[in-house]
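Visitor: Below: sequence and its predicted model.
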Amino acid sequence: MASTRIFSMFNRNMSVRESFHESKYYLFSLMTWIPAVIFFNGNVGEVTWINGPSMYPYLNTSYNEDLKKDVCWISKWNPTRNLERGMLVSFQSPTNPEKLAVKRVIALEGDTVYTRAPCPIPTVQVPVNHVWVEGDNRDRSQDSNSYGPLPKNLIQGKLTYVLWPWKSSGPINWAQFKGKTRVLRGRRQDAPNWD
């Protein structure tokens, strides 16, 4: 019975041969867009769903109430250029490379960070080509306090817009961020070199 419905669409003033050629054309047209979409997602930007409690309450504001996830735009165009304290970045997690993590940049090269548990040392000076990242929910975040300064080459993009939910949609105002972690600002020239 289902097969008669499928074949009935071919019988509408069109032979099987004509419908086959037309479907090949549409399939070929669709396949030509696949490389463009892959290039766009890898180099320009992509939409991503933020889940988990590590960025609560800035992202996933309803984390404790329901299972809805925030939808954000990640800009991948020059992701490590002009990084500043307070920016939200996405990167491959050093502890689980298959997982994409989102954290806030707390310190840049040359800055000295007063760490918290589980970091075994009380202060860390961020080395060259590294940043210190932390989640906004300090109690439920696996961040640089767990795996140390993050190499810049792991950063894949910067979060620039919240697309969903509507009540918090708009550009991410990272410049207004006031962190709880104590950071002594330093200069890149004074940063240790980990070669």
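Guide: On my side now, so go ahead.
Visitor: switch to C-alpha atoms for all contacts and neighbour counts from now on
Guide: OK.
Visitor: what about the longest strand in this structure?
Guide: strand 155-164 (DSSP state E).
Visitor: what's it packed up against?
Guide: strand 70-75, strand 88-92, strand 170-171 (3 or more C-alpha pairs under 8 Å, 6 or more residues apart in numbering; DSSP states H and E).
Visitor: Adding mean pLDDT as columns, could you present those strands in a markdown table?
Guide: Listed next are the helices and strands packed on strand 155-164 as a markdown table, based on pLDDT from 0 to 100:
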| stretch | mean pLDDT |
| --- | --- |
| strand 70-75 | 94 |
| strand 88-92 | 95 |
| strand 170-171 | 92 |
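Visitor: would you list those in a markdown table and tack on mean neighbour count and distance to residue 135?
Guide: Shown next, in a markdown table, are the helices and strands packed on strand 155-164 (neighbours: other C-alpha atoms under 10 Å; distance: least, C-alpha to C-alpha, whole Å):
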| stretch | mean neighbour count | distance to residue 135 |
| --- | --- | --- |
| strand 70-75 | 21 | 15 |
| strand 88-92 | 21 | 9 |
| strand 170-171 | 14 | 19 |
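Visitor: Out of those strands, which gets nearest to residue 134?
Guide: strand 88-92 (9.6 Å; C-alpha to C-alpha).
Visitor: Each with direction, which strands does the closest one pair with?
Guide: strand 100-107 (antiparallel), strand 155-164 (antiparallel) (DSSP bridges).
Visitor: Of the helices and strands packed on strand 155-164, which is nearest residue 193?
Guide: Across the helices and strands packed on strand 155-164, closest to residue 193 is strand 88-92 (C-alpha to C-alpha), at 21.7 Å.
Visitor: Contact partners for the most centrally placed residue in the chain?
Guide: The residue lying closest to the centre of the chain (C-alpha atoms, centre = their mean) is residue 90, at 3.3 Å. By C-alpha atoms under 8 Å, 6 or more residues apart in numbering, the contact set of residue 90 is 74, 100, 101, 102, 103, 155, 156, 157, 158, 159.
Visitor: what's the nearest residue to it if we skip its chain neighbours?
Guide: Closest residue to residue 90 apart from its sequence neighbours, by C-alpha to C-alpha, 6 or more residues apart in numbering: residue 102 at 4.4 Å.
Visitor: That neighbour reaches residue 91, doesn't it?
Guide: Yes: using C-alpha atoms under 8 Å, residue 102 makes contact with residue 91 at a distance of 6.6 Å.
Visitor: Can you tell me the closest non-neighbouring residue to residue 104?
Guide: Once flanking residues are discounted, residue 104 sits nearest to residue 88: 4.4 Å by C-alpha to C-alpha, 6+ apart.
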